[in-house]
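A.B. asks: The sequence and its predicted three-dimensional model are supplied below.
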Amino acid sequence: MKVLHLSTHDIDGGAARAAYRLHTGLQDIGLQSQMLVQEKSSNDKTVIAPKTRLFQGFAKAKLTFESLPLKLYRQKKNTPFFVQWLPDRIIPKVAQINPDIINLHWISAAFMQIETFPKLKRPLVWTLHDMWGFTGGCHVTGECDRYKVSCGACPQLNSGNEWDLSRWTWQRKVKAWKNLNLTLVSPSSWLAQCARSSSLFQDLRIEVIPHGLDIQKYRPINKDFAREILKLPQDKKLILFGAIEATSDRNKGFHLLQPALQELSKSGWKDNVEVVVFGASQPENPPDLGCRTRYLGHLHDDISLATVYSAADVMLVPSLQESFGQAASESFSCGTPVVAFNSTGLKDIVDHQQNGYLAKPYEAEDFAKGITWVLEDEQRLQKLSFYAREKAQQEFTLELQAHRYSALFQEILMSANKSSFSN
């Protein structure tokens, strides 16, 4: 079986890393897997990207032109919004690779035009990494549920017009995708339910397969050793928070984390804990988090991430919406419990008071209570750590994920072959 993954990036960003992990997992179980990307950061020969500077420059120029329609909405919120209206060069490359099945991933940022989907002429599996597939252009919907109908009057565009850019994008998807041989895979039950309730995907097959990771790379490291490497204190409880654009992306919940940590400090923990932040450098005017805070900057490799997870006593994931929450599964794999809100994809990872704590959405006071609950009893903390690692071993391994996808691919191809034979 020859599998081709389409992804804007290979390892740059959470969705890209998830796609690349699946790609390597499929190779490990014997499948022929390749990735076709717009921008390549790895040196993996099975990842295909534009080689010439001309094509690389063309890809970056496309991103500028992609955003032109958004200029009409001067009051637009500062959130990702893509309409994917520009032509692409994907079809000839796909024909050259000649895969049996195509696995779509995060294909925004002008990588792939909406109208290209039916031209691929292959059975399609789309791994949802956010909500863009069934919206009029946004990736995180917040409190808006207009994707259940037909979008329009988009709050992220700050538009009161029913026939706005989001409606136009939604209609293009309806027209282009109406007869696709398309199966959806969601990494969480929550995102699957959102897709099922959408007007675009309500009639499609949707499977839930959690993201996998290499639990040998992400494994518990001796805490004292990990802290020594990172020059972190040995005599404090370490509270970890991190994500790409950790402090600037509102969806990652830093604005909720700050009052929760201040509440924790007031309750008597100020001198006993330190906060460690990765995914962001220290700002010029650091916010007051109630206790000493260290900023590690951006960590890009698995070893560094596994080390910082292992150094911490608890990982905080205060996100508003997560399709899955790889920071939580990575932390679990390193034996570090997680505090998160009892919402969206994180509910599939964290089991309340078994391997972490699920706070009431989106109450900073209960989030602080969860941090205290995890840290205050050393024996309990050891049990939480044990069960965190155990869940990663049981549910989030690359091998398990790869076998689930392989079985799905085989089933889809058999069905397609039967249909072709009968016709």
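C.D. replies: Received, thanks.

A.B. asks: need the contact list for the nearest residue to S319 once chain neighbours are set aside.
C.D. replies: Spatial nearest neighbour of S319, chain neighbours left out: G253 (5.0 Å); criterion: CB to CB, 6 or more residues apart in numbering. C-beta coordinates here come from the backbone N, C-alpha and C atoms, glycine included. Residues in contact with G253 (CB atoms under 8 Å, 6 or more residues apart in numbering) are V317, P318, S319, L320, F341, Y362.

A.B. asks: what do you get if the cut-off is 6 Å, keeping everything else the same?
C.D. replies: Going by CB atoms under 6 Å, 6 or more residues apart in numbering, G253 touches P318, S319, L320.

A.B. asks: Double-check that L296 belongs to a strand.
C.D. replies: Yes - with DSSP: H, G, I helix; E, B strand; the rest coil as the criterion, L296 is part of a strand.

A.B. asks: hang on, the earlier thing: just curious, which of the contacts of G253 is nearest to L157?
C.D. replies: Closest to L157 out of these is L320 (19.0 Å), distances taken as CB to CB.

A.B. asks: mind checking pLDDT for T247?
C.D. replies: Note for T247: predicted pLDDT of 83.

A.B. asks: I'd like to know how many residues surround it.
C.D. replies: For T247, the count of nearby residues is 21 (other CB atoms under 10 Å).

A.B. asks: Not counting sequence-adjacent ones, nearest residue to it?
C.D. replies: Nearest residue to T247 in three dimensions, chain neighbours excluded: A280, at 4.4 Å (CB to CB, 6+ apart).

A.B. asks: Tell me the bridge partners for that neighbour.
C.D. replies: G297 (DSSP bridges).

A.B. asks: I figured Y147 was touching F134, is that so?
C.D. replies: Yes - between Y147 and F134 there is a contact under CB atoms under 6 Å: 5.4 Å.

A.B. asks: okay, and the common contacts of these two?
C.D. replies: Here Y147 and F134 share the contacting residues S198, scored by CB under 6 Å, 6+ apart.

A.B. asks: And for the residue nearest to T247, the neighbour number?
C.D. replies: Other residues close to A280 by other CB under 10 Å number 21.

A.B. asks: And for L182?
C.D. replies: Neighbour count of L182, defined by other CB under 10 Å: 18.

A.B. asks: What residues does it make contact with?
C.D. replies: L124.

A.B. asks: pLDDT at it, what is it?
C.D. replies: With respect to pLDDT, L182 scores 98.

A.B. asks: Residues in a beta bridge with it, which ones?
C.D. replies: Here L182, judged by DSSP bridges, has bridge partners L124.

A.B. asks: measure it to T46 for me?
C.D. replies: Separation of L182 from T46 (CB to CB, to the nearest Å): 24 Å.

A.B. asks: Return the residues in contact with the residue found closest to I29 once you drop the neighbours it is linked to in the chain.
C.D. replies: Using CB to CB, 6+ apart and skipping the chain neighbours, the partner closest in space to I29 is A402 (4.9 Å). Contacts of A402 were listed using CB under 6 Å, 6+ apart, and they are G25, L26, I29.

A.B. asks: pLDDT at the last one, what is it?
C.D. replies: Note on I29: pLDDT of 97.

A.B. asks: start at 898 instead
C.D. replies: In the new numbering, first residue 898, that becomes I926.
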